[in-house]
Structure formats: structure tokens, C-alpha cells
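Q: the sequence and its predicted three-dimensional model are supplied below.
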Amino acid sequence: MLTVGVDLAAEAKRTAVAVVEWDAGQAMVIRVGSGADDNVILDSMANADKVGLDCPLGWPEDFVAFISRHHRRAPVPVPPGYPAGGWKRRLTLRVTDEVVRNEMGLTPLSVSADLIGHVALRCACLLAEAGRRGLDIDRTGDGLIVEAYPAASLRAWGLTHKRYKKPGTGQALDDLVDILRDTPWLHLGAAETTCRESHDAFDAVIAALTARAAARGLTRRPQTQAEATAASTEGWIAFPLPATTLADLPA
């Protein structure tokens, strides 16, 4: 089995892709690197069994409706509670973001009100091209791609999810790479050095591990019809289930 992790950025320079091969209870990171353009990503996806893509796959339904009506100069639906505090939440957070917030204590960046929106625009183009190439794209995670959120995966697996991306805190990243290096069934090879030098590369590896967790049914799925309906357009973050660990991945 091959899983691919993509730490997507708005431009190729900061985009990293990792490829992990799984066989006989072992996993080998056979490639990881930054500077991935669209063709590198799409070619990697085409050869994968499951892909973890670190980027929102869609926008909040209420945000899309709000902006669409505003664009047409139609009366916009007034959000509940406006103008009191919190009225923008359903415009800025997807259903899956709220699930992660409630169950993991983490709030993902808002795809409609943060810089991650630039990345999501590129993601939308990638998903469209992937579909044209015949890849099975389902924003709920049932197809080839699942939406990964490395911070949530790290936290679920009992690893630190803070500070390793900040300048001057390289020790935090080194400590995380040490944990992966010392995992008996996971073989980093040359990827160890790359991950120490780039948190983008490290996140791509975590996204590839998350893809494996999703393929094994070890991530949170939509549990209600409302969640499933929202996930079909907004996307759904695949974060590991409670009590799962890295040791569950190769089985």
C-alpha cells in the first residue's frame, strides 16, 4: 500500500509531498521533499492508495450562501445573533472545524477568513484537475483523498503539536522527528534529515500517516446525516480516533 501526504501551500515553494510504502507490518518513507508543483502532487496522487491533503477541501455552506447572495445584490441572510459576538462562526468555521474544536480542543484556521484561503483556492484547482484525470475525489474522505490536519493527528497520538513550526524552536521539531525515527516499524531513511530541516516535510509525513489511519478506519468519520451532508461540500478532517496510537497503523 502507498499513502501520500501533501502539506499544501499557496505556491510550490512551500509545498511538501511525502510517499510512504506499507508492507508486512513495516512502513518506509520512500520520498519526501518540498517545492512540489501541481504536476508532482497529481502524479503522486495517481500512484497512491490513499492521500492525506493538509488543506480545507471546501468552504462553509453558510459562507457560500452569504457571499453568493451578496454578489447578486440579493438580501443576505442575517446570521443568528447578529450583531452580538459569535455571529460569524457559521460563516467562518465548517461543521468539521467545529467537531475538531469540540472533540480535540483545536480550532483549525478559517478557510473563509484567514490566509489559509489562498491555499484552499489552489486546492480547489487541484481537486478539479484530479477529477478530470479520473481520480476518485470525495470531500467526505470516502474516495482517494482525506483532509488531514497534522496538529490534530499529533495531539491524538499523544505527541506535541505546538511550537515546532516557530523560528528558533528547532528542538521541538527534532524531538518529534526523534520519535518517528525510534518507532520500530517506521523507517525514515533519508527523510529523517529532510524532516529535521523542514516542518513542511514533517507535516507531509504526518499527513501520509493520517491517510493510513483513514484507510484502516481509525479516524473520525461523519456520524450524523447533518455531518455527512456538510462534509460532502465543506470537506471533512480525518483525525485519529481516541485511544488510537501510532502503533495501530502498520497492523
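A: Right, received. Where do you want to start?

Q: for the rest of this, base every contact and every neighbour count on C-alpha atoms.
A: OK.

Q: which SSE is Gln171 in?
A: With elements taken from DSSP states H and E, the one containing Gln171 is helix 170-181.

Q: could you pull up the mean pLDDT of the helix or strand just after that helix?
A: Toward the C-terminus, helix 170-181 is succeeded by strand 186-187 as the next helix or strand (DSSP H and E). Per-residue pLDDT values across strand 186-187 average out to 98.

Q: mind listing what's buried in the helix holding Gln171?
A: Residues of helix 170-181 classed as buried under the neighbour-count rule (16 or more other Cα atoms under 10 Å) are Gly170, Ala172, Leu173, Asp174, Leu176, Val177, Leu180, Arg181.

Q: what is that helix packed up against?
A: In terms of contact count using 3 or more Cα pairs under 8 Å, 6 or more residues apart in numbering; DSSP states H and E, helix 170-181 is assigned the packing partners helix 191-197.

Q: now do the helix it packs on: distance to the chain's middle.
A: Counting by Cα atoms, centre = their mean, to the nearest Å, helix 191-197 is centred 20 Å from the centre of its parent chain.

Q: against which helices or strands is the following helix or strand past that helix packed?
A: On the C-terminal side of helix 191-197, the nearest following helix or strand under DSSP H and E is helix 199-215. For helix 199-215, the elements it packs on are strand 2-7, strand 16-23, strand 26-34, strand 50-54, strand 145-147, helix 150-156, helix 191-197, judged by 3+ Cα pairs under 8 Å, 6+ apart.

Q: for the ones you listed, which one sits closest to Arg94?
A: Using Cα to Cα as the criterion, the shortest distance between Arg94 and the helices and strands packed on helix 199-215 is 12.8 Å, found for strand 145-147.

Q: can you list the neighbours in contact with that closest one?
A: When contacts are defined by Cα atoms under 8 Å, 6 or more residues apart in numbering, strand 145-147 is touched by residues 50-57, 136-141, 211, 214, 235-238.

Q: and if you look at stretch 121-138?
A: 8, 10, 38, 42, 46, 55-58, 143-145, 232.

Q: check contacts around the spatially most central residue of the chain.
A: Nearest to the centroid of the C-alpha atoms of the chain, with distances taken as Cα atoms, centre = their mean, sits Ala148, at 2.1 Å. Remark: with contacts taken as Cα under 8 Å, 6+ apart, Ala148 is in contact with Gly52, Leu53, Asp54, Cys55, Ala207, Thr210, Ala211, Ile237, Ala238, Phe239.

Q: next one: phi and psi at the residue lying closest to Leu8 once chain neighbours are set aside?
A: Of all residues not flanking Leu8 in the chain, Thr15 sits nearest, at 4.9 Å (Cα to Cα, 6 or more residues apart in numbering). The phi/psi pair for Thr15 (degrees, to the nearest 10) reads phi -90, psi 130.
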